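K.L.:
Sequence and predicted model, in that order:
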Amino acid sequence: MYVSYNWLKDLIKLDLSPSDLARKLTESGLAVESIQQIGDDYVLNFDLTSNRADCLSHLGIAREIRALTGSEISLKIKDEKIPDNSNEKLVNIEAPDLCHRFTARVIKNVKVRPSPEWLIRRLEAVGERSINNIADITNYVMHELGQPMHAFDLNKLEENRIVVRRARDIEQIVTLDNVPRKLDSSMLAICDARKPVAIAGIMGGAHSAISTETTDVLLEVAYFDKNCIRQTSRKLKLSTEASYRFERGVDIENLIRASNRATELICELAGGEDVEFVDVYPTKHTEIQVVLKPTRIRDLIGLEVPTEEILRILTLLGFRLKSSALNQEMIFSVPSWRHDVSIEEDLVEEVIRIVGYDKISEELPPSFGAGEYRENEDRKRNLRKTLVDLGCDEAICYSFITAEYDEDLQFIPGLINQNLQEKFISLQTSIIEGAIRMRPSLIPGLLESVRKNFNYGQRNVKLFEIGRVFASSSNEHGAFPTERELLAVVITGGYTLQDRAIPLRELDFYDLKGIIEAAFDAMLLPSPEFKAESIKHLRTGQAASIYLFNQPFGFIGRLSDQIAQKYKFRQPVFVAEIDLEGLLALPRIKPIYKAWSIYPSIIRDVALLVTPEITFAEIKRAIQSQNFPHLYSIEFVELYVGKEIGEDKRSLTIRFEYRSSDKTLTEEEVETVHDQIISFLEQNMKIKRRFS
């Protein structure tokens with residue numbers, strides 16, 4: 001926004017040079033991007049944030065200068081006329097929710113002609129071109145006081161009156177730029193008795209525009225709903241100086257002064273006669289009051305500002321003190337032009353920006369206690385480190401997903417209440433198009449990340465996420481949702497050494513199983529049990545539930561073909577999801593130190609014939625329950641299925657490692673224990689050795 005230095009000097013006493021003024025305003029939060037000299041004037045180019053609509057005028061900048069320097073504003077209007085409302089038929093507001101206030105001024109016997117040189121120079125300095133004296137005056141007052149306005153040729157209005165209403169879907173108007181524009185019922189139109197003559201707050205119509213033949217003028221100064229103006233401007237792809245101000249918010253209490261100022265100039269420069277003045281005000285301004293405690297400034301920014309200084313600054317900025325308790329709290333009424341102030345922190349900001357941000361010292365706030373981890377934070381940190389060490393990257397996905405996953409996924413046990421009418425949390429207004437659901441699972445987000453990696457040519461992917469999921473807790477409206485913190489892991493592609501480009505092998509179910517086992521170990525929990533079960537979104541035969549202490553905590557397996565096709569995956573993808581919150585609620589295992597044996601171990605591999613229902617986990621638990629001496633570890637090697645061993649049998653190869661902590665074991669000692677283990681399996685689990 002452009003501001004004339006000479007124009008400012010007409011409004012307030014200025015002892016600062018243009019560069020010093022620009023520096024002080026920038027330091028107070030109103031950034032001056034550049035200063036340009038035009039003749040004997042200087043033009044300051046401001047980069048204002050959208051919340052400071054009150055500064056979109058020379059008066060607004062003058063208010064800021066008053067707060068910084070203490071100088072008084074000297075804007076004087078000769079005739080401060082008040083509306084007489086003698087002609088009630090002049091204005092009719094049919095949409096008071098969109099037009100909160102409308103003033104109309106009838107000025108007769110004007111002479112439309114070129115503007116005087118001083119007015120042309122002022123407008124050119126702020127980027128406006130001169131049109132004629134009437135139009136130029138409306139633009140001049142807009143830049144001076146911040147209030148957009150429009151002048152109609154009164155004799156071109158049907159029945160010489162104004163109707164403010166919603167446009168009709170079939171209506172059309174040719175605007176001042178000679179472009180025909182289609183209107184709809186969401187837009188607000190300024191109409192005469194028959195048709196639209198202006199798009200409210202944006203641009204007037206060509207039919208009722210001021211011309212050299214105009215003798216009588218109807219001056220509109222109004223306040224429109226800023227959301228309506230913004231939406232209309234976007235729909236029509238039409239932005240003007242007026243719409244720029246209306247959609248950010250103008251001062252509803254400034255309309256009378258702006259109308260008087262424009263009328264004064266019209267009568268002075270166009271020889272007009274002020275005949276009628278009507279003010280229709282259906283939606284009254286509600287005064288906002290904010291409580292400020294002086295100690296709050298110190299609490300927020302660490303700076304002690306005297307109460308007298310706080311009061312002086314806020315008074316100069318237009319805030320009025322309503323009541324106060326000595327050094328306790330003050331109640332201020334917010335001026336009607338400050339749409340950005342509504343809470344105590346806003347007043348603190350107003351005070352400190354005038355005092356000076358440079359006054360804030362670089363002092364750390366006092367510490368009232370030593371920092372500490374939240375409960376189980378150390379376990380989660382160790383979990384993250386372990387997963388990263390295993391080659392996984394941590395992902396952080398959106399908490400919003402589409403509803404298409406409702407029937408595709410099986411969710412963590414205990415999360416979804418099947419007795420509820422609405423099982424999931426839905427958003428009234430989606431932030432992301434189509435994502436109307438608060439996620440009940442972490443898997444959709446990770447699968448979307450895998451798809452993006454595939455699109456970029458990255459085929460080897462190992463990701464994990466720790467995050468919260470959501471579900472309905474009650475049928476009652478407004479009830480808090482159920483929340484759980486979960487861990488999800490997804491892997492796909494091949495296993496590649498760091499210095500090799502070609503994968504050694506494809507990642508499979510057991511790679512993911514090992515990652516989950518390592519995760520349990522990192523959280524100081526016993527090893528989980530994996531039970532083959534049917535999981536909705538996992539492939540049959542490659543899916544299992546994860547149990548600990550006979551309680552289900554999640555699932556693991558290969559993604560089903562149905563979901564893989566939906567994502568257009570062309571290679572196997574393995575996923576796991578566990579109830580992290582539930583696991584962390586379990587007591588942690590206390591690590592017990594055990595000296596590492598310096599003696600060598602002896603390995604024995606054995607192939608066992610088992611029935612399909614017997615799992616490696618069951619065999620391992622059974623053996624460990626007997627506490628066989630010197631048995632150091634039991635590991636799965638491979639599973640074989642073939643006709644030569646029978647359709648009802650499987651060959652399970654297991655590796656036993658034997659080691660002693662105080663000597664080197666002999667072959668005879670190992671064979672004795674090994675035979676005892678095989679004998680135990682044959683007698684108690686009906687398992688036989690495949691090879692004798």
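P.N.:
Looks like it arrived, so ask away.
K.L.:
For the residue nearest to Ser661 when sequence neighbours are not counted, the count of nearby residues, please.
P.N.:
Nearest non-adjacent residue to Ser661, counting by CB to CB, 6 or more residues apart in numbering: Ser597, 4.6 Å away. C-beta: built from backbone N, CA, C; applies to glycine. Burial of Ser597 is recorded as 14 neighbouring residues (other CB atoms under 10 Å).
K.L.:
Could you do Asp274 as well?
P.N.:
18.
K.L.:
Would you map the helices across the stretch 251-400 of the chain?
P.N.:
Ranges of helices within the stretch 251-400 of the chain are 255-270, 294-301, 307-316, 344-355, 377-389, based on DSSP state H, counting those that start in this stretch.
K.L.:
Out of those, which one sits most buried?
P.N.:
Of all the helices of the stretch 251-400 of the chain, helix 255-270 has the most neighbours on average by mean count of other CB atoms under 10 Å, namely a mean of 21.
K.L.:
Please export the C-alpha coordinates of that helix as PDB.
P.N.:
Only the C-alpha atoms of helix 255-270 are listed here, as PDB (Å, rounded to 0.1, in the frame of the first residue of the first chain):
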ATOM      1  CA  LEU A 255     -19.200   5.800   7.800                       C
ATOM      2  CA  ILE A 256     -20.700   9.100   8.900                       C
ATOM      3  CA  ARG A 257     -17.400  10.900   9.000                       C
ATOM      4  CA  ALA A 258     -16.300   9.500   5.600                       C
ATOM      5  CA  SER A 259     -19.600  10.500   4.100                       C
ATOM      6  CA  ASN A 260     -19.300  14.100   5.600                       C
ATOM      7  CA  ARG A 261     -15.700  14.300   4.300                       C
ATOM      8  CA  ALA A 262     -16.600  13.300   0.800                       C
ATOM      9  CA  THR A 263     -19.700  15.500   0.700                       C
ATOM     10  CA  GLU A 264     -17.600  18.500   1.900                       C
ATOM     11  CA  LEU A 265     -15.100  17.900  -1.000                       C
ATOM     12  CA  ILE A 266     -17.900  17.400  -3.600                       C
ATOM     13  CA  CYS A 267     -19.600  20.700  -2.500                       C
ATOM     14  CA  GLU A 268     -16.200  22.400  -2.600                       C
ATOM     15  CA  LEU A 269     -14.900  21.100  -5.900                       C
ATOM     16  CA  ALA A 270     -18.100  20.300  -7.800                       C
END
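K.L.:
Which strands and helices lie in contact with that helix?
P.N.:
strand 99-108, helix 133-145, strand 217-224, strand 273-280 (3 or more CB pairs under 8 Å, 6 or more residues apart in numbering; DSSP states H and E).
K.L.:
Pull out the buried positions in stretch 515-534.
P.N.:
Within stretch 515-534, the residues that count as buried by 16 or more other CB atoms under 10 Å are 515-516, 518-525, 528-530, 533.
K.L.:
so how far is stretch 219-236 off the chain centroid?
P.N.:
Relative to its parent chain, stretch 219-236 has a centroid offset of 26 Å by CA atoms, centre = their mean, to the nearest Å.
K.L.:
Kindly report the same for stretch 234-241.
P.N.:
25 Å.
K.L.:
which other residues reach it?
P.N.:
The contact list for stretch 234-241 (CB atoms under 8 Å, 6 or more residues apart in numbering) reads 128, 139, 142, 148, 175, 181, 184, 186-187, 199, 202-203, 233.
K.L.:
which residues touch the closest residue to Asp216 other than its chain neighbours?
P.N.:
Nearest residue to Asp216 in three dimensions, chain neighbours excluded: Leu154, at 4.0 Å (CB to CB, 6+ apart). Taking CB under 8 Å, 6+ apart, we find Leu154 in contact with 106, 108, 160, 216-218.
K.L.:
and with 6 Å instead?
P.N.:
160, 216, 218 (CB atoms under 6 Å, 6 or more residues apart in numbering).
K.L.:
Compare those residues and tell me which has the most neighbours.
P.N.:
Leu218 (26 neighbours).
K.L.:
who's in contact with it?
P.N.:
Taking CB under 6 Å, 6+ apart as the test, what Leu218 contacts is 104, 106, 152, 154.
K.L.:
distance of the last one from Ile266?
P.N.:
It stands for Leu154. 13 Å (CB to CB, to the nearest Å).
K.L.:
what does the second one give?
P.N.:
As defined by CB to CB, Val106 lies at a distance of 11 Å from Ile266.
K.L.:
What is the three-state secondary structure of the residue nearest to Ser661?
P.N.:
When classified by DSSP: H, G, I helix; E, B strand; the rest coil, Ser597 comes out as coil.
K.L.:
Find me the pLDDT at it, would you?
P.N.:
At Ser597 the predicted local distance difference test score is 89.
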